[in-house]
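A.B. asks: my questions are about this predicted structure, shown below with the sequence.
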Amino acid sequence: MVNFLIFGPPGSGKGTQSVRLAEKFNLMHLSTGDMLRAQIAAETELGKKMSSIISKGELVPDEVVIEMIASKIDSTKNRAGFLYDGFPRTVAQTVALEKMLNKRAMKIDSMLVLEVDHDELVKRLVLRADQSGRPDDCDTAVIENRIRVYREKTEPIIEYCRKKGIYQPVNGMGTIEDIFKRLAGYMKKFL
Ligand code: B4P
């Protein structure tokens, strides 16, 4: 089974594109953001603990998301592969994912990185706040913190993946349809 990472700063279009790409290629879409928000909505113990971290725009502990992903991989059937959206977010999560996949005779096949200008990121998230009501979209200081956390903690994964020859930058500016076509063009080669 193939394993794709869809990568980029908050607002770059990861979630938007992942839903469509997963449907087109029969991939299991794994969004750690969605999984965490489901825990918060269900008011589980985990959700209560994670809520304040997410509302500040910080990352939740690595072990929490690694555990969530492992159980999803093992319960997935009848798919061509996996599309990881918003995961990994740190080099430690990347190493953990590689180990998980190696144990199951799989690997990360490609890391697709959406490249979007800073002002466009903020504009998209501010616009989404009206519809999503997500507390982490409603405050521009929190949006800026999420982008800063991405640059500091998440972006180093690019260098890690570049060295492995799996890094693929993708222009993330333009219409949702144009970006979808670009991403699908790269992914087709693996399917
Ligand atoms: P996520 O849910 O991953 O949220 P995100 O970074 O904001 O990206 P998302 O995928 O939702 O948005 P998209 O760019 O598609 O994470 C939320 C929080 O959860 C994190 O801050 C963190 O606290 C925690 N978390 C999640 N995973 C974690 C992990 N692995 N480790 C630790 N913590 C973790 O879209 C944004 C908006 O842009 C949308 O409204 C969309 O319609 C719009 N848009 C997209 N493409 C567009 C285009 N081409 N033109 C115009 N608008 C566009």
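C.D. replies: Everything's here; your move.

A.B. asks: so how far is the helix or strand hosting Leu21 off the chain centroid?
C.D. replies: Assignment of secondary structure by DSSP states H and E places Leu21 within helix 14-25. Remark: helix 14-25 is offset 11 Å from the chain centroid, using CA atoms, centre = their mean, to the nearest Å.

A.B. asks: so what touches that helix?
C.D. replies: Contact with helix 14-25 is made by 4, 6-8, 27-29, 31, 33-34, 80-81, 83, 85-86, 114, 176, 179-180, 183-184, 187, 191, as judged by CB atoms under 8 Å, 6 or more residues apart in numbering. No exception for glycine: its C-beta is placed from N, CA and C like everyone else's.

A.B. asks: try it again with 6 Å
C.D. replies: Contacts of helix 14-25 with the rest of the structure, by CB atoms under 6 Å, 6 or more residues apart in numbering, involve 6, 8, 29, 80, 83, 85-86, 180, 183, 191.

A.B. asks: likewise for stretch 56-74?
C.D. replies: The contact list for stretch 56-74 (CB under 6 Å, 6+ apart) reads 30, 32, 35, 50, 53, 87, 89-90, 92-93, 96, 100, 136, 142, 145-146.

A.B. asks: the same query, at a cut-off of 8 Å, please.
C.D. replies: Applying CB under 8 Å, 6+ apart, the contact partners of stretch 56-74 are 28, 30, 32, 35-36, 46, 50, 53-54, 82, 84, 87, 89-90, 92-93, 96-97, 100, 104, 136, 142-143, 145-146, 149, 153.

A.B. asks: repeat for stretch 44-53
C.D. replies: Residues outside stretch 44-53 that contact it (CB under 8 Å, 6+ apart): 36, 38-41, 59-60, 64.

A.B. asks: so which of those belong to helices?
C.D. replies: 36, 38-41, 64 (DSSP state H).

A.B. asks: Tyr186 contacts Val170, doesn't it?
C.D. replies: Yes - contact criterion CB atoms under 8 Å: Tyr186 and Val170 qualify, at 6.7 Å.

A.B. asks: so how far is Glu63 from the residue in the chain that the ligand sits nearest to?
C.D. replies: Here the residue of the chain nearest the ligand is Gly33; by CB to the nearest ligand atom that distance is 1.8 Å. Gly33 sits 17 Å away from Glu63, taking CB to CB, to the nearest Å as the criterion.

A.B. asks: same deal with Ile40?
C.D. replies: 18 Å.

A.B. asks: more neighbours, these two?
C.D. replies: Neighbour totals were compared for Ile40 and Glu63, and Ile40 leads with 17 against 11 (other CB atoms under 10 Å).
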